[in-house]
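Could you look at this predicted model? Sequence included:
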Amino acid sequence: MANILITEFMNQKQVEQLSALHNVNYKPELYSNKEDIIDNSSDVHALIVRNKTNVDMQLINSMKNLKVIGRLGVGLDNIDVAHCKEKNVPVIVAEAANARSVSEYVMMGLLTLFRGIQSSTRNVLKGEWDRNKHTGSEINGKTLGIVGIGTIGQIVAENAQNMGMKVIGNDIEINDNDGLWDKLNIECCTFEELVRKSDAITIHVPLTNKTHNLFTENEFEKMLRGSYIINSSRGGIVNETDLLKYLKNGHLGGAMLDVFEKEPLNDPGVFSNVKNLILTPHIAGLTLESNVRVSQTISNNVLDYLKSGGK
Ligand SMILES: NC(=O)c1ccc[n+]([C@@H]2O[C@H](COP(=O)([O-])OP(=O)(O)OC[C@H]3O[C@@H](n4cnc5c(N)ncnc54)[C@H](O)[C@@H]3O)[C@@H](O)[C@H]2O)c1
């Protein structure tokens, strides 16, 4: 029997599945206090986290018996993966388990931004009936630029094409002559071309040293006037101060942000009174369905790993 520590929320059924075979310490709020995690960690064999637990060198070293980490999601920027490798501790991710949810979130954002519809409820409730003010655009026929053609980027491309969008893309790992571009019917572009040609841009890359501040004043200036940007990948990839400047000066038509440099926001007020800006609290990948899939994938894979005897 192994000791499993879960520091963020996991679907109840899968917590029970793990508990039937192992000692499970399920503390969904534990992520917020590192000292508490360390206090609970000395005999942990498997650690299960989402994106809020800071699994740094100190935490990993405090878990002397750690065999495996399960990540309820895909982004690994909260885990010191290099140190895990050194310690021979595999990190299991829930690959593709929430990709559909993120993709639907992006489609919702595209439709909402192009129609400029998020202020209409407020205006109708105020007694306004200004149909001209609420005349938006179709997404059909528009060009969507996707940065990062991985699991999520590919599903977004398919959904956008199904609604009549032309899709162009950029991915540092996929060569210009790779057959994937033709297969997915995506025009391969340089990053600069994508920035200049897109009516809307959606970002699906991990947060790394190379992608931090991928979109700053420099890119916003080159984007088409009136175009849109959606970031549901990671905070810090879009520079928030620069984005606000280009939304406020009217160069950009709107934006939707699910992820932020600091979560929750340090100073939410800076985002207020900005037209056509949609903000969500890091929920692009979070739906009832994905929550079950993510928890099931991690539960199954952690159980398999422990059953195989680990390292
Ligand atoms: N907001 C949410 O709820 C949520 C949910 C799931 C995933 N995410 C984020 O979305 C990201 C993408 O997820 P995925 O499953 O598609 O990952 P993935 O690994 O399948 O795809 C990422 C792609 O980005 C490419 N890439 C990396 N750096 C790049 C760069 N500088 N320029 C262009 N392309 C680059 C990679 O080659 C890869 O093809 C995750 O890393 C995670 O941070 C957010």
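Received it, and whenever you're ready, just let me know what you need.

quick one: average confidence on the helix or strand containing Asn159?
Assigning secondary structure by DSSP states H and E places Asn159 in helix 151-162. Confidence for helix 151-162, expressed as mean pLDDT, is 98.

helix or strand right after it?
Once helix 151-162 ends, the next helix or strand along the chain (criterion: DSSP H and E) is strand 166-170.

what's that next one packed up against?
strand 143-147, helix 151-162, helix 180-184, strand 187-188, helix 191-197 (3 or more Cβ pairs under 8 Å, 6 or more residues apart in numbering; DSSP states H and E). No exception for glycine: its C-beta is placed from N, CA and C like everyone else's.

any chance of those in JSON lines, plus mean neighbour count and distance to Asn213?
Below are these laid out as JSON lines (neighbours: other Cβ atoms under 10 Å; distance: least, Cβ to Cβ, whole Å):
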{"stretch": "strand 143-147", "mean neighbour count": "26", "distance to Asn213": "13"}
{"stretch": "helix 151-162", "mean neighbour count": "20", "distance to Asn213": "20"}
{"stretch": "helix 180-184", "mean neighbour count": "14", "distance to Asn213": "27"}
{"stretch": "strand 187-188", "mean neighbour count": "18", "distance to Asn213": "24"}
{"stretch": "helix 191-197", "mean neighbour count": "17", "distance to Asn213": "13"}
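
could you dump those to CSV with distance to Ile168?
Output for the helices and strands packed on strand 166-170, formatted as CSV (distance: least, Cβ to Cβ, whole Å):
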stretch, distance to Ile168
strand 143-147, 5
helix 151-162, 10
helix 180-184, 10
strand 187-188, 4
helix 191-197, 6
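
picking that back up, tell me what the helix holding Asn159 is packed against?
Applying 3+ Cβ pairs under 8 Å, 6+ apart, one finds that helix 151-162 contacts helix 99-115, strand 143-147, strand 166-170, helix 180-184.

export that helix as PDB, just CAs?
Below are the C-alpha coordinates for helix 151-162, written out as PDB (Å, rounded to 0.1, in the frame of the first residue of the first chain):
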ATOM      1  CA  THR A 151      -2.900  18.700 -28.900                       C
ATOM      2  CA  ILE A 152      -5.100  21.700 -28.300                       C
ATOM      3  CA  GLY A 153      -4.000  23.800 -31.300                       C
ATOM      4  CA  GLN A 154      -5.000  20.900 -33.600                       C
ATOM      5  CA  ILE A 155      -8.500  20.600 -32.200                       C
ATOM      6  CA  VAL A 156      -9.000  24.400 -32.300                       C
ATOM      7  CA  ALA A 157      -8.000  24.300 -36.000                       C
ATOM      8  CA  GLU A 158     -10.500  21.600 -36.800                       C
ATOM      9  CA  ASN A 159     -13.400  23.400 -35.000                       C
ATOM     10  CA  ALA A 160     -12.500  26.800 -36.500                       C
ATOM     11  CA  GLN A 161     -12.300  25.300 -40.000                       C
ATOM     12  CA  ASN A 162     -15.700  23.700 -39.500                       C
END
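
Now do the same contact list for Ile139.
By Cβ atoms under 8 Å, 6 or more residues apart in numbering, the contact set of Ile139 is 110-111, 114, 160, 163-165, 200.

same deal with Tyr26?
Contacts of Tyr26 by Cβ under 8 Å, 6+ apart are 6, 10, 15, 19.

right, and the helices and strands packed on helix 151-162 - which one's nearest Gly309?
Gly309 lies closest, by Cβ to Cβ, to one member of those: helix 99-115, at 31.0 Å.

Flag every buried residue along that closest one.
Residues of helix 99-115 classed as buried by neighbour count (16 or more other Cβ atoms under 10 Å): 99-107, 109-110, 112-114.

can you check stretch 234-251 too?
Within stretch 234-251, the residues scored as buried using 16+ other Cβ under 10 Å are 234-240, 242-244, 246-247.

centre of the chain versus that stretch, how much separation?
Relative to the centre of its chain, stretch 234-251 is centred 18 Å away, using Cα atoms, centre = their mean, to the nearest Å.

Ok, stretch 1-21 next?
Offset of stretch 1-21 from its chain centre (Cα atoms, centre = their mean): 24 Å.

C-alpha coordinates for that stretch, PDB please?
The C-alpha coordinates for stretch 1-21 follow below in PDB (Å, rounded to 0.1, in the frame of the first residue of the first chain):
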ATOM      1  CA  MET A   1       0.000   0.000   0.000                       C
ATOM      2  CA  ALA A   2       1.400   3.400  -1.000                       C
ATOM      3  CA  ASN A   3       0.800   6.800   0.600                       C
ATOM      4  CA  ILE A   4      -0.800   9.200  -1.900                       C
ATOM      5  CA  LEU A   5      -1.000  13.000  -1.200                       C
ATOM      6  CA  ILE A   6      -3.500  15.000  -3.200                       C
ATOM      7  CA  THR A   7      -3.000  18.800  -2.800                       C
ATOM      8  CA  GLU A   8      -5.700  20.200  -5.100                       C
ATOM      9  CA  PHE A   9      -9.200  19.200  -6.100                       C
ATOM     10  CA  MET A  10      -9.800  15.900  -7.800                       C
ATOM     11  CA  ASN A  11     -13.100  14.300  -8.800                       C
ATOM     12  CA  GLN A  12     -14.500  12.400  -5.800                       C
ATOM     13  CA  LYS A  13     -15.000   9.100  -7.600                       C
ATOM     14  CA  GLN A  14     -11.400   8.800  -8.600                       C
ATOM     15  CA  VAL A  15     -10.300   9.800  -5.100                       C
ATOM     16  CA  GLU A  16     -12.400   6.800  -3.900                       C
ATOM     17  CA  GLN A  17     -10.800   4.600  -6.500                       C
ATOM     18  CA  LEU A  18      -7.300   5.500  -5.300                       C
ATOM     19  CA  SER A  19      -8.500   5.100  -1.600                       C
ATOM     20  CA  ALA A  20      -9.700   1.600  -2.200                       C
ATOM     21  CA  LEU A  21      -6.100   0.500  -2.800                       C
END
